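[1] Build me a structure from this.
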Amino acid sequence: MIPAAFPRTIAIALLRIALRIAPHDTLDWGHAMLNELNHVEGDWSALIWSLGGAGVLAKHAVLAFIFPGTNRRTVSTASELFAKEPPMRKTTLIVIASCVVASLLFFVAPVFRQAFAISLLQWEALLHAGEYGREVPGLQEIEQRAERNQDAEGLAFVAVRHWKASESVRLADEAVRLDPKLVWIYAPVAANYSSLPQIDDHWVADLKKFDPENALPYFIAAEKIDIDEIVRERIPRNFQEKSVPWKTAIASAFQSPKLDDYGDRLEALDRRVFQHYHIENPTLMDSYRWPRLPSYTAADSRCYAEGLIAEAKSLEARGDPQAAAARYFAVIRFGDVIDHQVNWGLRRDEANAYAGLGALAEKAARPEEARLYTSLAAQKQEPWPNRRDLRRWRFSEDPAIRWNAHMATNSGLALLFSSALLLACVVALFVRNRTWRLGSLHPSSWTLSLGLGSSLILVLSSVLLYLSYRPYAEIFRRFVERGDDMNLTDLTAFVGDAYVPFGFGGWLSMSGAAFGFWIVVAAGCLLTLLVAVLRHLQTRPRTAAA
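    Numbers count the residues shown, from 1 in each chain. Okay, here's the model as predicted:
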């Protein structure tokens, strides 16, 4: 239970602490408040009295810190202490103006403009959370210029990134019509939109003709079959129930000597388009973080590999070890082909295939060969190594990149907040003085304090935003100017993390972050409305009683 005299004890302590930080010209008034406290009736009333006095002293302590050396006189009443503001200091205005000019000068640098645009990506994620297939900023202008100039490479560039499947198909077909050598662009477009009818019509056939040794067209055809089965609700339950066209397509893929997603071609095309159209938007680079393969490639490969291993065991049981070994070798050979494109690949199936070959060698009394296959099977069973060393694959996120992205987005948020606060101070100043003449403006100390704080935050956030993005701007510049793509995955990872609102990634989903943000905004609006209503009720003129 709280002692009866406890509030008065707190009241005395508050005033004494306030006296320690109060400026010299307010000490007499503060001691008078402390002495008057002994005559206030009621412990809780004394606490309220001390809160008011301590607040006044704290206010003047802050003002004395911000405006040192200001001539002041001792005042005797609280009303005078509140009303008397220090004169506007020219140095404070110079600091505010200098910070604003310095922040504006940052926008002269293209690097800072890129950084500021990337810092705004989190707002796009908040405003469009849960939406798919929305317009990519800056892409429509490139599309219009490419169509106007009949630029095949520009059309292909847009086709890969367009948010509408029908437009993506139209642009890809138009690009190939203008330049038949761009037929490979069908592959990344088909990887984005697996259910396009053009895949069966002529795209797969054209890709096979263009690159007959590539397994990619067969995987595109197999995924189209998978999607059609899902749409018709006739999903096979196992390998034996798979359709003949699907088995034919995957078998052809397993017989192919390579799997090329045309990432190198797309990268070279993008670089030429970036140079030709003078694009300074690194968000359009978000195509180098992973291989551009159909989404079912790994699943289809494993399903077919498991089917081959099952056939091999069946052939081995029937006494046909040569045919069984051929099935095992087919899995191992294509595992090596796909290993460079899909990180999860067929490692477990390769391990099973090596184990099967080891068992066949042991039965055939070839112990050295059996030990070799057993050793290779053990290697394939080891955890997959980190693939961050590959040019176009990032297996795990880099905490440093995530930190830099969150620093950039939060700096952009601070920049917007401080700009809004500074603008509010300027508007309030003009509204309060009711004049547009600069010489007649008399900002209060609180207005100057807020203006000074917001201007300092403005320039500090600008510096942090520039520094956090500068290394990735250099990666972007090296790629566009020299074709250096060594750290391109770092740039795309940075851009991807910049979409995460306020650094909520890892523990809060995008939709959850958006929901929480708008709940806070709504609560703030309701609180502001409530304060405005209460303020109106307190200050409105009251009708005198008759």
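
[2] pLDDT below threshold where in the stretch 51-200 of the chain?
    Within the stretch 51-200 of the chain, the segments meeting pLDDT under 70 span 62-90, 125-135.

[3] What of the stretch 301-450 of the chain?
    For the stretch 301-450 of the chain (pLDDT under 70), the answer is 339-345, 383-397, 432-445.

[4] Quick one: the helices in it, in order.
    With helices called from DSSP state H, counting those that start in this stretch, the stretch 301-450 of the chain shows them at 321-338, 347-363, 367-380, 399-433, 445-482.

[5] Now tabulate those in CSV and tack on mean neighbour count and distance to residue 30.
    Backbone N, C-alpha and C define where each C-beta goes, glycine included. Listed next are the helices of the stretch 301-450 of the chain as CSV, based on neighbours: other C-beta atoms under 10 Å; distance: least, C-beta to C-beta, whole Å:
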stretch, mean neighbour count, distance to residue 30
helix 321-338, 19, 79
helix 347-363, 20, 76
helix 367-380, 15, 79
helix 399-433, 17, 29
helix 445-482, 19, 19
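
[6] Turn those into JSON lines, columns for distance to residue 212.
    As requested, the helices of the stretch 301-450 of the chain are exported to JSON lines (distance: least, C-beta to C-beta, whole Å):
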{"stretch": "helix 321-338", "distance to residue 212": "15"}
{"stretch": "helix 347-363", "distance to residue 212": "26"}
{"stretch": "helix 367-380", "distance to residue 212": "30"}
{"stretch": "helix 399-433", "distance to residue 212": "40"}
{"stretch": "helix 445-482", "distance to residue 212": "31"}
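
[7] Point out the one among these that comes closest to residue 145.
    For residue 145, the closest of these is helix 445-482, at 17.6 Å, according to C-beta to C-beta.

[8] which helices and strands sit right next to that closest one?
    helix 43-66, helix 90-106, helix 110-119, helix 263-276, helix 399-433, helix 488-498 (3 or more C-beta pairs under 8 Å, 6 or more residues apart in numbering; DSSP states H and E).

[9] Convert the C-alpha atoms of the fourth one to CSV, please.
    Provided in CSV are the C-alpha atoms of helix 263-276 (Å, rounded to 0.1, in the frame of the first residue of the first chain):
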residue,chain,number,x,y,z
GLY,A,263,20.9,-15.8,-68.0
ASP,A,264,24.1,-14.7,-69.7
ARG,A,265,22.2,-13.5,-72.8
LEU,A,266,19.6,-11.7,-70.7
GLU,A,267,22.3,-10.0,-68.6
ALA,A,268,24.0,-8.8,-71.8
LEU,A,269,20.7,-7.6,-73.2
ASP,A,270,19.8,-5.8,-70.0
ARG,A,271,23.2,-4.0,-70.0
ARG,A,272,22.7,-2.8,-73.6
VAL,A,273,19.2,-1.5,-72.8
PHE,A,274,20.4,0.2,-69.6
GLN,A,275,23.0,2.0,-71.7
HIS,A,276,20.8,2.8,-74.6
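
[10] That one versus helix 488-498: what angle between them?
    70 degrees (axes from the mean of the first three to the mean of the last three C-alpha atoms, to 10 degrees).

[11] list the buried ones in helix 263-276?
    Neighbour counts over helix 263-276 (16 or more other C-beta atoms under 10 Å) mark 263, 265, 266, 267, 269, 270, 271, 273, 274, 276 as buried.

[12] Show residues contacting it.
    142, 151, 153-154, 156-157, 160, 184-185, 188, 279, 284-285, 287-288, 291-292, 392, 479-480, 483, 485, 488 (C-beta atoms under 8 Å, 6 or more residues apart in numbering).

[13] Whichever of those end up buried, select them in PyMOL.
    Buried members of the contacts of helix 263-276, defined by 16+ other C-beta under 10 Å, are picked up in PyMOL with:
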select buried, resi 142+151+153+154+156+157+160+184+185+188+279+284+285+287+288+291+292+392+479+480+485+488
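
[14] To residue 108, which of the helices of the stretch 301-450 of the chain lies closest?
    Proximity to residue 108, assessed across the helices of the stretch 301-450 of the chain by C-beta to C-beta, is greatest for helix 445-482 (11.5 Å).

[15] Run the chain-centre distance for that closest one.
    Relative to the chain's own centre, helix 445-482 is displaced by 18 Å; criterion: C-alpha atoms, centre = their mean, to the nearest Å.

[16] can you check stretch 91-110 too?
    28 Å.

[17] Just the CA coordinates for it, please, in CSV.
    Only the C-alpha atoms of stretch 91-110 are listed here, as CSV (Å, rounded to 0.1, in the frame of the first residue of the first chain):
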residue,chain,number,x,y,z
THR,A,91,22.9,31.6,-35.8
THR,A,92,20.0,29.1,-35.3
LEU,A,93,18.4,30.2,-38.5
ILE,A,94,21.7,30.0,-40.3
VAL,A,95,22.1,26.4,-39.0
ILE,A,96,18.6,25.4,-40.1
ALA,A,97,19.1,27.0,-43.5
SER,A,98,22.5,25.3,-44.0
CYS,A,99,21.1,21.9,-43.1
VAL,A,100,18.2,22.3,-45.5
VAL,A,101,20.5,23.4,-48.3
ALA,A,102,23.0,20.6,-47.6
SER,A,103,20.2,18.0,-47.8
LEU,A,104,18.9,19.5,-51.1
LEU,A,105,22.4,19.4,-52.5
PHE,A,106,22.5,15.6,-52.0
PHE,A,107,19.8,15.3,-54.7
VAL,A,108,22.2,16.7,-57.2
ALA,A,109,24.1,13.4,-57.1
PRO,A,110,22.6,10.5,-59.1
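
[18] Now render the helices and strands packed on helix 445-482 as JSON lines, adding distance to residue 534.
    As requested, those are exported to JSON lines (distance: least, C-beta to C-beta, whole Å):
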{"stretch": "helix 43-66", "distance to residue 534": "19"}
{"stretch": "helix 90-106", "distance to residue 534": "32"}
{"stretch": "helix 110-119", "distance to residue 534": "36"}
{"stretch": "helix 263-276", "distance to residue 534": "56"}
{"stretch": "helix 399-433", "distance to residue 534": "20"}
{"stretch": "helix 488-498", "distance to residue 534": "40"}
